[in-house]
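Q: quick one, fold the following:
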Amino acid sequence: MKLTCERDKLLGAFQVAATVAPSRSPKPILQCVKLEVKDSVATLMATDLEVGVRITLEGVQADGDGAVILPVQVFGNILREGCDEKLKIAVKSKGIGVQGDHSKYDLPYQDPEEYPEVADFGDGAHLKLPALLFKELIRRTLFATDNESSRYALGGILLEVEQISGSDGVLVAVGTDGRRLAKMAGPIEIVGDFQPSDAPIIVPAKSMQLVDRAMLDLEGEVLIAPHTNDVLVRTGAATIYSRLVEGRFPKWREALPSRSDVPQVEVTVGPMYSALRQAAIVASDESRGIEFSFGGGSLVLKGITAETGQSRIEFPISYDGEEITVSMNHRYVGDFLRVLDQESTFTVEVQNSESPALFTTSDGYAYVVMPLATNR
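A: Numbers count the residues shown, from 1 in each chain. Below is the predicted model:
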């Protein structure tokens with residue numbers, strides 16, 4: 001097989017696929033990317049047997065069907081360091097030839113038949129939603145996951161489907177590490193005979209990062225096909241396969257405070273984030289707590305560490321009721337503020353120093369942060 005491709009286009013797709021290939025594996029062929037041409041369609045494939053990706057590649061001209069195995073490190077360097085506009089790849093009897101206008105490489109041959117199959121997206125029942133919405137679902141929940149937990153399956157994002165009527169539904173995404181919880185929801189279209197399952201759909205963080213990176217066309221749509229043990233996600237030219245995280249997920253609805261007669265303070269993201277960064281200057285790895293005092297028309301942030309010193313930052317807010325003080329990990333609060341538009345507003349609900357704080361936005365985002373002990 002001989003093919004010609006545009007180096008820039010191949011580089012972008014190859015880099016996405018290469019993130020899936022393991023750097024070490026008892027199966028050396030997994031440290032490669034498979035380039036296959038079938039029925040005039042070129043596809044890059046990579047897998048570590050838990051996660052897989054297929055990327056349709058444009059700008060490829062081939063003399064027929066065939067496949068070639070490309071080592072991630074060597075071929076990736078050829079693409080990055082080269083300056084040729086186009087590359088010619090030819091499978092020879094003793095190896096693989098890669099040639100440009102000013103470069104030529106000979107790489108060892110590996111049998112494409114030995115490369116594991118990477119699942120493709122079928123035409124069965126699935127969920128459909130705008131790519132921009134799904135990107136926000138990932139962005140606003142992924143940071144709250146925890147790969148270190150052994151008690152719960154916290155190393156991924158929980159996806160729950162709520163069917164409203166007919167093809168209308170809501171997709172809820174939840175990420176938590178047990179100390180904070182992020183939840184985002186948005187409307188979806190249910191295609192075909194999709195039946196929501198009682199089994200949890202927990203997509204590994206690594207797989208969600210791959211989906212996020214593969215979403216290049218935010219004007220398009222994302223298709224999601226969950227199964228008992230795995231899930232397929234198609235976004236633009238890329239299809240991602242992933243096994244699901246096994247285990248129990250916390251009863252997240254019980255973690256969302258449902259309180260009445262609790263002060264709700266509307267705050268603008270930008271000023272809050274600026275004040276938090278200033279107050280956190282004196283924070284350390286051992287003492288990450290910042291005191292948030294709401295009352296009297298202002299929010300006061302205080303940081304105290306024995307090694308670094310003290311900070312006190314104040315800015316005006318709309319709440320002028322009785323003062324309420326709660327201590328929270330500044331990094332957790334900063335993670336929430338970082339994923340929002342700096343000009344937007346959110347509502348923070350605080351009850352006392354021992355109750356969790358609830359942050360919400362008008363577009364379906366909720367974030368819970370557990371308080372720190374006052375004697376930290």
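Q: hey, where'd the helices end up in the protein?
A: Applying DSSP state H to the chain gives helices spanning 7-18, 72-81, 131-139, 205-214, 252-255, 269-279, 330-338.
Q: in the shortest one, which residues are buried?
A: Along helix 252-255, the positions that meet the burial threshold by neighbour count (16 or more other Cβ atoms under 10 Å) are 252, 255. C-beta: built from backbone N, CA, C; applies to glycine.
Q: what does stretch 18-36 contact?
A: With Cβ atoms under 8 Å, 6 or more residues apart in numbering as the test, stretch 18-36 has contacts from 3, 14, 17, 42-49, 51-53, 57, 66-73, 75-76, 89, 110, 112, 114-116, 118, 210, 213.
Q: so which bits of it are buried?
A: Result for stretch 18-36 [16+ other Cβ under 10 Å]: buried residues 18, 20-22, 29-36.
Q: got it, and stretch 111-130?
A: Residues of stretch 111-130 classed as buried by neighbour count (16+ other Cβ under 10 Å): 112, 115, 118-119, 121, 126-127, 129-130.
Q: could you tell me the end-to-end distance of that stretch?
A: With Cα to Cα, to the nearest Å as the measure, stretch 111-130 spans 39 Å from end to end.
Q: do stretch 64-76 as well
A: End-to-end distance for stretch 64-76: 24 Å, by Cα to Cα.
Q: for stretch 38-50, same thing?
A: Start-to-end span of stretch 38-50 (Cα to Cα) is 25 Å.
Q: for that stretch, what is the distance to the chain centroid?
A: Remark: stretch 38-50 is offset 22 Å from the chain centroid, using Cα atoms, centre = their mean, to the nearest Å.
Q: mind listing residues that contact it?
A: 3, 5, 13-14, 17-18, 20-22, 25, 30, 32-37, 52-58, 60, 62, 65, 72, 115-116, 118, 204, 241-243.
Q: can you list the domains in the protein?
A: Using automatic domain parsing, the domains assigned to the chain come out as 2-114, 126-252, 256-369.
Q: returning to what we had before: out of the contacts of stretch 18-36, which end up buried?
A: Of the contacts of stretch 18-36, these count as buried by 16+ other Cβ under 10 Å: 3, 14, 17, 42-48, 51-53, 57, 67-72, 75-76, 89, 110, 112, 115, 118, 210.
Q: can you tell me how far Met45 is from Arg243?
A: 16 Å (Cβ to Cβ, to the nearest Å).
Q: residue ranges with poor pLDDT in the stretch 251-376 of the chain?
A: 374-376 (pLDDT under 70).
Q: need the helices of the chain in JSON lines (columns: distance to Asp285).
A: Formatted as JSON lines, the helices of the chain follow (distance: least, Cβ to Cβ, whole Å):
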{"stretch": "helix 7-18", "distance to Asp285": "33"}
{"stretch": "helix 72-81", "distance to Asp285": "34"}
{"stretch": "helix 131-139", "distance to Asp285": "25"}
{"stretch": "helix 205-214", "distance to Asp285": "22"}
{"stretch": "helix 252-255", "distance to Asp285": "26"}
{"stretch": "helix 269-279", "distance to Asp285": "16"}
{"stretch": "helix 330-338", "distance to Asp285": "10"}
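Q: circling back: just the ones in strands from the contacts of stretch 38-50, please.
A: In strands, defined here by DSSP state E, the members of the contacts of stretch 38-50 are 3, 5, 32-37, 52-57, 60, 62, 204, 241-243.
Q: look up phi and psi at the residue lying farthest from the centre of the chain.
A: Distance from the centre of the chain peaks at Ser93, with 41.9 Å (Cα atoms, centre = their mean). With angles defined as degrees, to the nearest 10, Ser93 sits at phi -70, psi -30.
Q: please tell me how far it sits from Gly270.
A: Distance check for Ser93 against Gly270: by Cβ to Cβ, it reads 63 Å.
Q: can you report phi and psi for the residue nearest to Ala306 when sequence neighbours are not counted?
A: Once flanking residues are discounted, Ala306 sits nearest to Ser287: 7.9 Å by Cβ to Cβ, 6 or more residues apart in numbering. Taking degrees, to the nearest 10, you get phi -130, psi 90 for the backbone angles of Ser287.
Q: surely Ser287 touches Lys302?
A: No - counting by Cβ atoms under 8 Å, Ser287 stays clear of Lys302, with 12.0 Å between them.
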